[in-house]
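Peer 1: Could you work out the structure for the sequence below:
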Amino acid sequence: METINCNLCGSEEYRVVYSMPDRLYFNDEWFTVVECKSCGLGFVNPRPTYSEIFRYYPPSFYESFEKERVFHQRRYRNQAKFLTGIPMGKDKNILLDVGCANGDFPRYMQTIGWEVEGVEVSPNSKPISDFKIYNQEFTDIPIHEAYYDAITAWAVLEHVHNPMSYFRKAAEVLKPGGFFVFLVTNFESISSKNLFREDLPRHLYFFTEKTVKEYLEKSGLELLRSDYSDQIYSMRPVNWLRYYVYRYLKKHNLKWEDIPLTRIEYFNKNKLNKNLWSNLQYAVSQNPFTLVDIMLMPLFEKYQMLSKSYGIVTYIATKH
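Peer 2: Below you'll find the model as predicted:
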């Protein structure tokens, strides 16, 4: 474990936001999210070192790309729509997908006419042999000129140890007029900041639109637009009603101990399969307060998207 300063402004001053365990693999290991007092960037501190972090990405982490293939194919189509503003030249446009996992999104882009390359550092993802792949940090790839028409990073920048180096490398290798499209969680949302919906310690950094703009400006890039929606990934504000009751009636924010089990956690704890009966058991086990929270959540999500306070944001940036 290592203790760090703010990656965006270098400040050593921060405040503790919350602590929670690794919900996926190591329930007895706890991590703390802090917020920089100077610029507002959120980050895990202390955090696993670069050599330690791979333990938190076992092979099962990548299995969802095969098990939930229909969902991911729909996601790839939606992701491709963010690149439609790039004009196609005489030659094929070139895409670099950073954090490409098993390589499925670049393969989809190949089917619609793009030349593709990928970056993936994890030794637990599937080997890729059908297009050029860099099994090294994005910042270390041997490209040092404006080469790519588009660079994508879908739910990647929150995982890396040095986001600033990634923004600067994107600016270095992106062609003028090209797009840098990346999806991250939204630290201004109650899902990220108050409802323990971040995937610690795999998520190391937590961004707002303000901090994203600062990263882009310091790297020579410009934000074109931001999309606060669930068309790629979702971050449902589970326990949102409970949060407001605690904040305004009990006068304090939720603690980890105040959060009830999620549906999956309830199934695992009680050794239940995912079926109608187990869902009914889960519903009965919850108090009416939780059920109202669940029933009204879709409306609250729509409000978050309209008010730009949703937990997921896709940013589209360019280089002039």
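Peer 1: can you give me the strands for the stretch 201-320 of the chain?
Peer 2: Ranges of strands in the stretch 201-320 of the chain, per DSSP state E, counting those that start in this stretch, are 205-206, 222-227, 312-318.
Peer 1: any idea which of these is most buried?
Peer 2: Among these, ranked by average contacts under mean count of other Cβ atoms under 10 Å, first place goes to strand 205-206 (a mean of 24). All C-beta atoms are positioned from the backbone trio N, CA, C, and that covers glycine.
Peer 1: hmm, back to that, which one of the strands of the stretch 201-320 of the chain lies closest to Leu96?
Peer 2: strand 312-318 (14.3 Å; Cβ to Cβ).
Peer 1: That closest one vs strand 222-227, what angle?
Peer 2: 150 degrees (axes from the mean of the first three to the mean of the last three Cα atoms, to 10 degrees).
Peer 1: tally of neighbours for Asn45?
Peer 2: Residues near Asn45, counting by other Cβ atoms under 10 Å, number 20.
Peer 1: phi, psi of Leu96?
Peer 2: Backbone torsions of Leu96, given as degrees, to the nearest 10, read phi -110, psi 120.
Peer 1: hey, what's it bridged with?
Peer 2: Glu117, Ile151 (DSSP bridges).
Peer 1: quick check: longest helix of this structure.
Peer 2: Using DSSP state H, we find that the single longest helix of the chain is helix 288-306.
Peer 1: Of all the residues in that helix, which ones are buried?
Peer 2: The neighbour-count check on helix 288-306 (16 or more other Cβ atoms under 10 Å) flags 290, 293-294, 297, 300-301, 304-305 as buried.
Peer 1: cool, stretch 195-214 as well?
Peer 2: Quick answer for stretch 195-214 (16+ other Cβ under 10 Å): 195-209, 211-214.
Peer 1: Inside helices: which ones of the residues you listed?
Peer 2: Using DSSP H, those in helices are 209, 211-214.
Peer 1: Sort out which one of the residues you listed lies nearest Asp227 for me.
Peer 2: Distances from Asp227 to those, taken by Cβ to Cβ, are shortest for Glu209, at 11.2 Å.
Peer 1: for the closest residue to that closest one other than its chain neighbours, what are its contacts?
Peer 2: Distances taken as Cβ to Cβ, 6 or more residues apart in numbering place Ser226 nearest to Glu209, at 5.9 Å, with adjacent residues excluded. By Cβ atoms under 8 Å, 6 or more residues apart in numbering, the residues touching Ser226 are 209, 212, 308, 313-316.
Peer 1: next one: Gln231
Peer 2: Gln231 neighbours (Cβ under 8 Å, 6+ apart): Asn78.
Peer 1: Kindly list the main-chain dihedrals of it?
Peer 2: Torsion angles, degrees, to the nearest 10, at Gln231: phi -70, psi -20.
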